[in-house]
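**Student:** Structure for the following, please:
(chains A and B)
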Amino acid sequence: MIRVWLPAHLRTLARTSSEVEVDVQGVVTVCSILDALEAKYPMLRGTIRDHGTQLRRPYVRFFACEQDFSHDPPDTPLPAAVAQGKEPLLIVGAIAGG
Amino acid sequence: MSRARVLVGTRKGAFILESDGKREKWDVSGPHFAGWELYHVKGSPADPNRLYASQSSAWFGQLVQRSNDGGKTWEPVGNKFAYEGTPGTHKWYDGTPHPWEFKRVWHLEPSLNDPDTVYAGVEDAAIFRSTDAGATWEELPGLRGHGTGPHWQPGAGGMCLHTILLDPVNAGRMYIAISAAGAFRSDDGGKSWRAINKGLHSQYIPDPDAEVGHCVHRIAMHRSRPDTLFMQKHWDVMRTDNAGESWTAVNGNLPPESEAADARRGFGFVIDVNTHEPETIYVVPIKSDSEHFPHNGALRVFRSRTGGNEWEPLTKGLPQSNCYVNVLRDAMAVDSLDKCGIYFGTTGGQVYASNDAGDTWKAIVHDLPAVLSVEVQTLP
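**Tutor:** As a prediction, the model looks like this:
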């Protein structure tokens, strides 16, 4: 299972705890994790990435294993520790607005 | 005895206030959706337990919430607002073409007779409709596509479609208003539209009498006389008696902007009509488009019992010194109890209410986040 850490507002929206688990088939990427996350929690569609373009919303960032994957192509394979469930993918709301 | 339920949208969540018909003591629940911007919350006239709420954030975008039990519980519904076809461009602040981009839902207007049908006015300006209780949304593209769209331009708050009025008598007729494009009417249920801005005069655009480009802030209608509309424009309070074919200014003795002989009058955002008196209207004058607070720090509602021109200030219970709040365009509502209740919210987090048609006021809640919208339901 893949571990995903959600920011507070999305936890409330999805009515879940801070960390959720999703099952990903094939290569573990930001895109495949978000596909699985949105399938399990449909209310998150449109909140992390745009409905139409599927691009990351500007104030949302993706971190894992102390690396920033926000600007990588979404089909970039994530570290083995994420794929093995040892480390979570962190979905973070950028600190902005004071 | 009938009851009143007030739906308040704020910068940091929604609040619901309930009272019996006396409207003296209020129970407050909330915040619902804490931390999110709630641009609008409104109930269905056909089923008062059906509520819709527009929930948004700069981080996580737009959500629409639906309640089937009067706001006790909520569920997120569809939030995909895709413009029909290739969106094209409108004018940006500097006059250059700018692509249409969806930002948020400003206003939700449930159908008068079907709780599952609801319209959404959005930024960048367009109107969407759901016929499945918010699960899916489709644009009514005849508005953006009717011809003047490329000339529309945002106001300071963005290019928002903020007002939707459904005609209770003429089936298929509806009105919308956009900042800063103007007012538009459809006579065929939203398929086709035309601008209805004749008589509006706006000094801040190249042609002050142009077909579009006017910063309309709000339009209000009385159910018994749907061809008469009252408008709070950026400057000027206006009225039409022929469904928008022509408008006339009814500023009358509203407070002037300054002591100059030719000082302008009539800046503000909200306007509404007394439920029992179709010629009794209410506005909250605001000092200028650059200061955005009440004249002389005194919060006054102005009431006209003559459909405009002759106005009286209503001050009992409202702060008359050191008050520098604003009252935003969707933040006034009326109930249908006797006497008519008038409600408005401020950017300072108060919701003021009058249970006697405006003669006296009191804050029924205060210290909320900045209030974006106020609606009221009259319940059996």
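
**Student:** Contacts for the longest helix belonging to chain A next, please.
**Tutor:** In chain A, with assignment by DSSP state H, the single longest helix is helix A:30-40. For helix A:30-40, contacts defined as Cβ atoms under 8 Å, 6 or more residues apart in numbering or on different chains pick out A:2, A:4, A:20, A:22-26, A:44-45, A:48-49, A:54, A:62, A:69, A:72, A:74-76, A:78, A:89. For glycine as for every other residue, the C-beta is placed from the backbone atoms N, C-alpha and C.

**Student:** Relative to chain A, which residue of the stretch 151-300 of chain B is the closest?
**Tutor:** In the stretch 151-300 of chain B, the residue that lies nearest chain A is B:Gly158 (16.3 Å; Cβ to the nearest Cβ).

**Student:** That residue reaches B:Lys103, doesn't it?
**Tutor:** Yes - with contact defined as Cβ atoms under 8 Å, B:Gly158 counts as touching B:Lys103 (6.5 Å).

**Student:** Please enumerate the shared neighbours of these two.
**Tutor:** B:123-124.

**Student:** Spell out the residue ranges of the helices in chain A.
**Tutor:** Counting by DSSP H, chain A has helices at residues A:8-14, A:30-40, A:80-83.

**Student:** Now render those as TSV, adding mean pLDDT.
**Tutor:** Converted to TSV, the helices of chain A look like this (pLDDT from 0 to 100):
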stretch	mean pLDDT
helix A:8-14	96
helix A:30-40	98
helix A:80-83	98
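
**Student:** Adding mean neighbour count, write these out as a markdown table.
**Tutor:** A markdown table is the format used below for the helices of chain A (neighbours: other Cβ atoms under 10 Å in any protein chain shown):
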| stretch | mean neighbour count |
| --- | --- |
| helix A:8-14 | 17 |
| helix A:30-40 | 19 |
| helix A:80-83 | 16 |
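
**Student:** In TSV, list the ones you listed along with distance to B:Leu229.
**Tutor:** Shown next, in TSV, are the helices of chain A (distance: least, Cβ to Cβ, whole Å):
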stretch	distance to B:Leu229
helix A:8-14	38
helix A:30-40	43
helix A:80-83	58
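
**Student:** Nearest to B:Asn251, out of the ones you listed?
**Tutor:** Counting by Cβ to Cβ, B:Asn251 lies closest to helix A:8-14 out of the helices of chain A; the figure is 43.5 Å.

**Student:** could you measure the nearest residue to B:Ala156 once chain neighbours are set aside against A:Ala96, distance?
**Tutor:** Distances taken as Cβ to Cβ, 6 or more residues apart in numbering or on different chains place B:Asp289 nearest to B:Ala156, at 7.8 Å, with adjacent residues excluded. Separation of B:Asp289 from A:Ala96 (Cβ to Cβ, to the nearest Å) stands at 28 Å.

**Student:** Of these two, which one has the most company?
**Tutor:** Neighbour count, other Cβ atoms under 10 Å in any protein chain shown: between B:Asp289 and A:Ala96, B:Asp289 has more, with 15 against 9.

**Student:** so where's chain A uncertain?
**Tutor:** Applying pLDDT under 70 to chain A picks out residues A:97-98.

**Student:** all helices for the stretch 101-250 of chain B, in order.
**Tutor:** Using DSSP state H, counting those that start in this stretch, no helices are found in the stretch 101-250 of chain B.

**Student:** Surely the residue nearest to B:Ala156 and B:Phe267 touch.
**Tutor:** Yes - contact criterion Cβ under 8 Å: B:Asp289 and B:Phe267 qualify, at 6.1 Å.

**Student:** and the residue nearest to the residue of the stretch 151-300 of chain B closest to chain A when sequence neighbours are not counted, what is it in contact with?
**Tutor:** The shortest distance from B:Gly158 to any non-neighbouring residue, by Cβ to Cβ, 6+ apart, is to B:Glu123 (4.6 Å). For B:Glu123, the contact set (Cβ under 8 Å, 6+ apart) comprises B:102-104, B:106, B:158-161.
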